[in-house]
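Novice: Pasting the sequence and the predicted coordinates here, then a few questions.
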Amino acid sequence: MSFFKIPCPGCNKSLKVPESLAGKSRACPYCRATVRIPESVPEEPDPIFPGIQVAGAAGPAKSRSKPAASSPAASSIAPSMPAAPAAGPEPVSPSIRTAETPPAVRPSHEVHLRKPQKSWFSSSSDSASSDVSLLLSFLLGAGAAVLWYGLTFPIQHTLFGQLFWHRGPVPFPTTLLLFWAIAILVLKWLNLKKQKDAMLLDVLPTEISPEITVDSIDRFIEHINQLPGASSDTFLINRVVRGIEHFRVRKSAAETVTMMESQSAIDANNLAGSYTILKVFIWSLPILGFIGTVMGVSSAVASLATSLSDGGSMDAMKAALQDVFGGLGTAFDTTLLALIMSMLVKIPASALQKSEEDLITSVDEYCNENLLRRLNDGREGGAERGASGAAAGESDVFRQAVEQALGTHHAEMEQWLAKLDGIGSHLTDQVSQGWDKVNQRIEQQQEKHIKVLHEQQLDQQARLQAQLDQMANAADKIQQTLTSLTEQTVSLQSQVNETFSQTHTSLEEHLTGVQTGLASLSSVLQQLGDQQVVVQQVASDPPSRNGWFGKRSRAKGRR
């Protein structure tokens, strides 16, 4: 990746941008003004005078000769050049300033980098880091969770509101973890935006020195101290400063290359470690959902066991089963909510991690193009590497540096790989053992519930069988009673029939006698109709009174 310089239209500061940003807009890290990056790389005009830079030019002055520091003529001409407009049909409107010329001797004291200025959302780490403040993110997440529950309180009786209010205690911590993770992602996005803005800075301008030597390091650090304070806590500034300070101490380009590779690995590990808490949240959300499901299933089965132990009717059993299925639905809603929340955290976290990894790659490319290629430790040609025809020397130096770096880090990489393999296998075993324990507990719980249900079912069947036997005995008794009643009814019917037949016969006989008497009476009446009937009254003697107290009895008694 190659870089080119453009001036900021707002503050006229020089910005170094990669070619991949051509045609895009970015905010200036100095004045925050919007800078439109041209589609094509602008051509850098030749300087009007050696050692003199025109501020309004489209790009930085490109010297065709040796640096101004090595040219005494340039240093003598630059102070005496008047600030007058150039001759020609159009005067040069921008101000003319002399290029900074390095001093002939090193200063007696070393220039040190100022303390990095931390952002309000950054962690308390001393070096550049992708971590954010956990306390601040927790407060933001807790506030967002409280606000969310305040917004969903009026709709808590709807289907969506019940997922947060009427599904037990599990949705409350899952919602808190969700908003905590979102707060961390927002703060990391702000940090990433700051890091991307710092990538536009010209950290190692060629105007100071085309090459980075031990004598020019102090001037580069002075330039870095003048950069915006917000950019001091970035991967780019931290990487460049560590590289040039290591080069100032060790005075070896090869060792600096090795150190920069090590620093790149440190930044990559730091970036990966900043997502540890998010990975814990992504892992914790489904676990909380499963815990809510287990709690719901346990309560539902317990309610069913209580209903079965009471031995109620079928209506009571139906009501108990309805409660059980309702409890199961509530239990699985917690898992559904937790899985959705886990996806809402996982997807943006992966996208943000990919963007930060691309940022680390851009920092590596920037350091390779603008730092490592310009290092000059006086070996393998020294400063002559900057002249034309020194490409072969540069390739040899870089080849040797890469070989040395690979030789020193090969054993370390193998050790790290062995450690990572051990850690990965250990974590895999622990996770596998944990899931095995969870499965065993769930199976034991299910076996207990199945055993209780089986015993209760057998008890209920025995009770139902006893009731059925009692009902069968009662039915047999009723059948016997009905049979005896039928027999009695049949006998009574036969007796009634016989009585009716006898009565009919006697009535016929009596009626026949009556008919005969009536016929005799009719014949007598006919005979009497032809004769006279004389009725004569005859005096009759009083009846004699016999008995115990009559006269005859008394006379006999006297005898």
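Specialist: Perfect, I can see it now.
Novice: Could I get the pLDDT score of residue 141?
Specialist: The predicted local distance difference test score for residue 141 is 91.
Novice: right, I mislabeled it, should have said residue 147
Specialist: For residue 147, the model assigns a pLDDT of 94.
Novice: The helix or strand hosting it: which residues count as buried?
Specialist: Residue 147 is part of helix 134-152, with elements assigned from DSSP states H and E. Across helix 134-152, burial judged by 16 or more other CB atoms under 10 Å covers 136-137, 140-141, 144-145, 149, 152. The C-beta positions use only the backbone N, C-alpha and C, and glycine is treated the same way.
Novice: could I get the residues you listed as TSV with distance to residue 162?
Specialist: Conversion of the buried residues of helix 134-152 to TSV gives the following (distance: CB to CB, whole Å):
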residue	distance to residue 162
136	32
137	29
140	27
141	23
144	21
145	17
149	13
152	10
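Novice: Could you single out the nearest of those residues to residue 513?
Specialist: Closest approach to residue 513 among the buried residues of helix 134-152 (CB to CB): residue 152, at 108.8 Å.
Novice: same for the helix or strand just after the helix holding residue 147, what does it pack against?
Specialist: Of the helices and strands lying after helix 134-152 in sequence (DSSP H and E), the nearest is helix 159-165. Counting contacts by 3 or more CB pairs under 8 Å, 6 or more residues apart in numbering; DSSP states H and E, helix 159-165 is packed against helix 134-152, helix 171-198, helix 314-370.
Novice: Out of those, flag the one nearest residue 274.
Specialist: Nearest to residue 274, of all those, is helix 171-198, at 7.2 Å by CB to CB.
Novice: Tabulate the helices and strands packed on helix 159-165 (TSV), appending distance to residue 529.
Specialist: As requested, the helices and strands packed on helix 159-165 are arranged in TSV below (distance: least, CB to CB, whole Å):
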stretch	distance to residue 529
helix 134-152	124
helix 171-198	124
helix 314-370	92
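Novice: Can you tell me which of those is packed in deepest?
Specialist: Mean neighbour counts were taken over the helices and strands packed on helix 159-165 using mean count of other CB atoms under 10 Å, and the top value, a mean of 21, falls to helix 171-198.
Novice: Alpha carbons only: can I get the helix holding residue 147 in PDB?
Specialist: Taking C-alpha atoms only, helix 134-152 is exported to PDB below (Å, rounded to 0.1, in the frame of the first residue of the first chain):
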ATOM      1  CA  LEU A 134     -15.900  -1.400  31.900                       C
ATOM      2  CA  LEU A 135     -17.300   0.800  34.700                       C
ATOM      3  CA  LEU A 136     -18.500   3.500  32.300                       C
ATOM      4  CA  SER A 137     -19.900   0.900  29.900                       C
ATOM      5  CA  PHE A 138     -21.800  -0.800  32.800                       C
ATOM      6  CA  LEU A 139     -23.300   2.500  33.900                       C
ATOM      7  CA  LEU A 140     -24.400   3.200  30.300                       C
ATOM      8  CA  GLY A 141     -25.800  -0.300  29.900                       C
ATOM      9  CA  ALA A 142     -27.600  -0.200  33.200                       C
ATOM     10  CA  GLY A 143     -29.100   3.200  32.300                       C
ATOM     11  CA  ALA A 144     -30.200   1.900  28.900                       C
ATOM     12  CA  ALA A 145     -31.700  -1.200  30.500                       C
ATOM     13  CA  VAL A 146     -33.700   0.900  33.000                       C
ATOM     14  CA  LEU A 147     -34.900   3.100  30.100                       C
ATOM     15  CA  TRP A 148     -35.900   0.100  28.100                       C
ATOM     16  CA  TYR A 149     -38.000  -1.300  30.900                       C
ATOM     17  CA  GLY A 150     -39.500   2.100  31.400                       C
ATOM     18  CA  LEU A 151     -40.500   2.200  27.700                       C
ATOM     19  CA  THR A 152     -41.900  -1.400  27.700                       C
END
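Novice: what's the angle between it and helix 171-198?
Specialist: In terms of direction (axes from the mean of the first three to the mean of the last three CA atoms, to 10 degrees), helix 134-152 departs from helix 171-198 by 130 degrees.
Novice: From the contact counts, what lies against helix 134-152?
Specialist: Judged by 3+ CB pairs under 8 Å, 6+ apart, helix 134-152 is in contact with helix 159-165, helix 171-198.
Novice: Average pLDDT for stretch 239-256, rounded please.
Specialist: Computed over stretch 239-256, the average pLDDT equals 88.
Novice: Next, the buried residues of that stretch.
Specialist: So for stretch 239-256, counting by 16+ other CB under 10 Å, buried means 239-248, 252-256.
Novice: Return the closest of those with respect to residue 361.
Specialist: Nearest to residue 361 among these, counting by CB to CB, is residue 239 at 12.3 Å.
Novice: where exactly do the helices run in the protein?
Specialist: Listed from the start of the chain, the chain has helices (DSSP state H) covering 72-80, 134-152, 159-165, 171-198, 217-225, 235-250, 253-273, 276-310, 314-370, 391-530, 551-558.
Novice: could those go into TSV alongside distance to residue 376?
Specialist: TSV is the format used below for the helices of the chain (distance: least, CB to CB, whole Å):
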stretch	distance to residue 376
helix 72-80	20
helix 134-152	44
helix 159-165	64
helix 171-198	26
helix 217-225	11
helix 235-250	10
helix 253-273	7
helix 276-310	41
helix 314-370	14
helix 391-530	10
helix 551-558	188
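Novice: Which one of those helices lies nearest to residue 36?
Specialist: When those are ranked by proximity to residue 36 (CB to CB), helix 171-198 comes first, at 15.5 Å.
Novice: packing partners for that closest one?
Specialist: The elements that helix 171-198 packs onto, with contact taken as 3+ CB pairs under 8 Å, 6+ apart, are strand 25-27, helix 134-152, helix 159-165, helix 235-250, helix 276-310, helix 314-370.
Novice: a markdown table for these, including distance to residue 421?
Specialist: Formatted as a markdown table, the helices and strands packed on helix 171-198 follow (distance: least, CB to CB, whole Å):
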| stretch | distance to residue 421 |
| --- | --- |
| strand 25-27 | 42 |
| helix 134-152 | 30 |
| helix 159-165 | 42 |
| helix 235-250 | 28 |
| helix 276-310 | 19 |
| helix 314-370 | 22 |
